[in-house]
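Undergrad: How does the following fold in three dimensions:
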Amino acid sequence: MHWPTWLTWYKKPQFRDIKEYSQAVGSGTRPLSPDGRSSSMIPRQLKVERVLENKTCSPMSLFDFYMYLKHIEYSEENLEFYIWYVLRPWPREASPLNPTVQAQEL
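TA: Numbering: from 1, shown residues only. Predicted structure coming up:
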């Protein structure tokens, strides 16, 4: 099996107690975290809908997203359920992607 390159170096962030962290920031014993708005912004075209429709390339393909959920977040069952729900055989009039069904539910 081919592993994505980011999987070999990425580590899930450690748990941080929000109360302790906010007290440390408030008292000045810990500097504020960077806001992440540096030069590495997320492209506008990269949307979760495009990833779920498998319209993106690696490193943000649907497969890469699945591998991230499976090996880093340990929550791949959410994506598996979504794919099952969308791709299961529905009667044409009851399809979740049918706009008339969505309009009737509102």
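Undergrad: Residue 74 versus residue 52, what's the distance?
TA: To residue 74, residue 52 is 19 Å away according to Cβ to Cβ, to the nearest Å. (Glycine included, C-beta is placed from N, CA and C.)
Undergrad: Please disregard the earlier target; I meant residue 81.
TA: Noted for residue 81: a distance of 15 Å to residue 74, by Cβ to Cβ.
Undergrad: Repeat that for residue 22.
TA: With distances taken as Cβ to Cβ, residue 22 is found 27 Å from residue 74.
Undergrad: One more: residue 68?
TA: 10 Å.
Undergrad: picking that back up, name the residue in residue 52 and residue 74 with the higher neighbour count.
TA: Neighbours per residue (other Cβ atoms under 10 Å) separate residue 52 from residue 74, with residue 52 holding more: 15 against 9.
Undergrad: How confident was the prediction at the more buried one?
TA: For residue 52, the pLDDT comes out at 89.
Undergrad: I'd say it and residue 87 touch.
TA: No. Using Cβ atoms under 8 Å, residue 52 makes no contact with residue 87, being 11.1 Å away.
Undergrad: What count of nearby residues applies to residue 59?
TA: 12.
Undergrad: Just the element for it, please.
TA: Secondary structure assignment for residue 59, by DSSP states H and E: no helix or strand.
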